[in-house]
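Asks: structure for the following, please:
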Amino acid sequence: MMPSAHPMPAMPAHSRGTTLLLNVAHAIDHMFLLIFATAISVIAADFGFASWEQLMPYGAAAFLLFGLGSIPSGRLGDLWGRRPMMLVFFFGMGTAALLVAATQNAWQMAIALTLLGAFASIYHPVGIPMLLQATRRPGWTIGVNGLSGNLGIALAALSTGLAVKFLGWRAAFALPGLVAIGCGILFARITPAETHAPAKRVARTMAVPASVVARVFLVMTTAAAMGGLLFNFTTNGNPELLKERMDGIVNDPAVLGLLMAIVYAVASLAQLVVGWLLDRFSLKRLYIAILALQPPLFLLAAHAGGWQLYALQILFMIAVFGAIPFTDVLIARYVDDRMRSRVAGVRLAISLGVSSVAVALLGPVVKAAGFPVLLAVLAVVAMCTLATVAFLPGDARGPQPAE
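Replies: Numbering: from 1, shown residues only. Next comes the predicted model:
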């Protein structure tokens with residue numbers, strides 16, 4: 001790892017079309033992985049399962065590949081090129097989604113979802129460094145990108161609810177799959193080929209002690225792993241939590257999907273605000289302030305019901321989403337652009353590999369202990385994350401560019 005000369009761009013800024021498609025790709029990345037969780041009750045019934053909890057573990061391998069696949073994806077992004085890897089992402093995600101739509105049983109679903117997770121692993125170590133390589137405002141860039149990704153989560157809830165009601169769960173995968181392929185065609189047409197792969201570009205570095213870089217990497221990876229647990233438990237469990245706590249108040253799947261979409265849309269705005277603040281204020285203090293909100297909100301939600309639960313769901317998702325931009329900004333500040341995809345890939349493989357456990361455990365934990373116990377556990381995880389982030393270096397704004 002080599003600290004970067006933040007925030008000097010290593011190449012000319014992307015066109016608006018390329019930037020837009022890179023942000024749309026983040027929405028696709030998160031949307032596709034959550035269609036399964038949103039439609040799981042209907043899919044479980046179609047495949048002959050007694051409850052959704054029994055089907056949930058079949059999606060665990062997708063999230064495991066989402067993490068572990070980041071290592072080869074990041075390596076190829078740096079050594080082969082980020083543009084060609086993004087083309088593999090768009091066409092691969094589209095094809096895999098069409099395969100999921102064609103499955104006839106749970107094991108076929110597991111295999112197709114695993115393939116989807118493998119292609120989904122490309123975006124974070126490749127797409128985000130591609131955006132950051134040409135920006136002078138990494139906080140804002142990450143904020144906009146995070147907003148896009150989380151709007152994809154909101155879109156998953158809304159589009160899946162509507163598709164399930166009017167077209168069936170297979171259409172919930174097939175239609176977005178065609179959109180992803182269309183985006184790949186546009187990306188190929190408007191994004192120029194790279195003159196050099198990132199690893200072959202000239203370095204722009206400044207002297208930061210290796211011990212500081214190692215400390216930052218260790219803290220951000222540990223915090224990201226625990227944050228990933230919170231993210232996966234909440235985003236995969238929220239639809240069923242809302243369904244359970246709103247039983248007798250709202251039962252229409254399309255309306256529940258709309259309510260869930262509103263939760264994610266409102267919470268997504270937190271990343272935009274946090275991104276703006278990160279370019280102006282101390283990263284460590286902001287990170288700690290946001291993490292401190294999570295434990296009490298999870299504990300309050302543990303026994304809330306009806307519209308009170310819905311309001312708390314919005315608040316704890318604001319706190320969960322608001323914590324997401326920090327690790328990418330840390331990478332932008334401390335890691336040379338020539339290595340960002342590989343460093344991001346290793347960090348993601350560790351953090352997402354750990355957090356993928358959430359998908360496998362979600363159904364069994366809820367079935368055995370219920371959502372109150374799950375939310376209490378999330379509060380404990382949030383407190384551990386807060387304690388970990390306290391070990392970040394105490395610089396105010398991160399390393400400044402070298403002359």
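
Asks: any idea which helix is longest in this protein?
Replies: helix 210-245 (DSSP state H).

Asks: in the helix or strand just after it, what counts as buried?
Replies: Using DSSP states H and E, the helix or strand that follows helix 210-245 towards the C-terminus is helix 253-278. Under the neighbour-count criterion of 16 or more other C-beta atoms under 10 Å, helix 253-278 has 253, 256-272, 274-275, 277-278 buried. Placement of C-beta: from N, CA and C, glycine included.

Asks: and residue 389, what's its pLDDT?
Replies: The per-residue pLDDT reported for residue 389 equals 91.

Asks: that one: neighbouring residues, count only.
Replies: A total of 23 residues lie near residue 389 under the criterion other C-beta atoms under 10 Å.

Asks: with residue 155 as the reference, measure out to it.
Replies: Distance of residue 389 to residue 155, computed by C-beta to C-beta, to the nearest Å: 30 Å.

Asks: same thing with residue 15?
Replies: Taking C-beta to C-beta, one finds residue 15 at 24 Å from residue 155.

Asks: between these two, who's got more neighbours?
Replies: When residue 15 and residue 155 are compared for neighbours, residue 155 comes out ahead with 20 against 12, by other C-beta under 10 Å.

Asks: quick one: low-confidence parts of the stretch 151-300 of the chain?
Replies: 201-208 (pLDDT under 70).

Asks: how does it look with 80?
Replies: Scanning the stretch 151-300 of the chain for pLDDT under 80 picks out 153-154, 157, 195-213, 232, 235-236, 248, 250-251, 253-254, 257.

Asks: ok, residue 81 - contacts?
Replies: The neighbourhood of residue 81, defined by C-beta atoms under 8 Å, 6 or more residues apart in numbering, consists of 194, 197-198.

Asks: could you pick out the buried ones from the residues you listed?
Replies: Neighbour-count burial (16+ other C-beta under 10 Å) applied to the contacts of residue 81 gives 194, 197-198.

Asks: from those, which land in strands?
Replies: For the buried ones among the contacts of residue 81, membership in strands holds for none, with DSSP state E as the criterion.

Asks: as JSON lines, the contacts of residue 81 with distance to residue 225 would be great.
Replies: As requested, those are arranged in JSON lines below (distance: C-beta to C-beta, whole Å):
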{"residue": "194", "distance to residue 225": "31"}
{"residue": "197", "distance to residue 225": "29"}
{"residue": "198", "distance to residue 225": "25"}
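
Asks: identify, from those residues, the entry nearest to residue 222.
Replies: Within those, distances to residue 222 taken as C-beta to C-beta reach their minimum at residue 198, with 26.2 Å.

Asks: pull the contacting residues for the closest one.
Replies: Taking C-beta under 8 Å, 6+ apart as the definition of contact, the neighbours of residue 198 are 10, 77-78, 81-82, 129, 133, 337-341.

Asks: and residue 392, helix, strand or coil?
Replies: State at residue 392, reduced to three classes by DSSP: H, G, I helix; E, B strand; the rest coil: coil.

Asks: close enough to count as contact, it and residue 287?
Replies: Yes. Under the contact definition of C-beta atoms under 8 Å, residue 392 touches residue 287, with a separation of 7.2 Å.

Asks: which one's more surrounded, those two?
Replies: For residue 392 and residue 287, the more surrounded residue by other C-beta under 10 Å is residue 287, and the numbers stand at 27 against 20.

Asks: break down the stretch 51-200 of the chain into its helices, ranges please.
Replies: With DSSP state H, counting those that start in this stretch as the criterion, the stretch 51-200 of the chain has helices at 52-55, 60-68, 70-79, 82-101, 106-120, 123-132, 138-166, 169-190.

Asks: tell me the most buried of the ones you listed?
Replies: Mean neighbour count (mean count of other C-beta atoms under 10 Å) peaks for helix 123-132 among the helices of the stretch 51-200 of the chain, with a mean of 27.

Asks: can you give the contact residues for that one?
Replies: When contacts are taken as C-beta under 8 Å, 6+ apart, the neighbours of helix 123-132 outside the stretch itself are 14, 19, 22-23, 25-26, 28-29, 70, 73-74, 76-77, 82-83, 85-86, 89, 138, 141-142, 145, 198, 328, 331-332, 337, 340-342, 344-345, 348.
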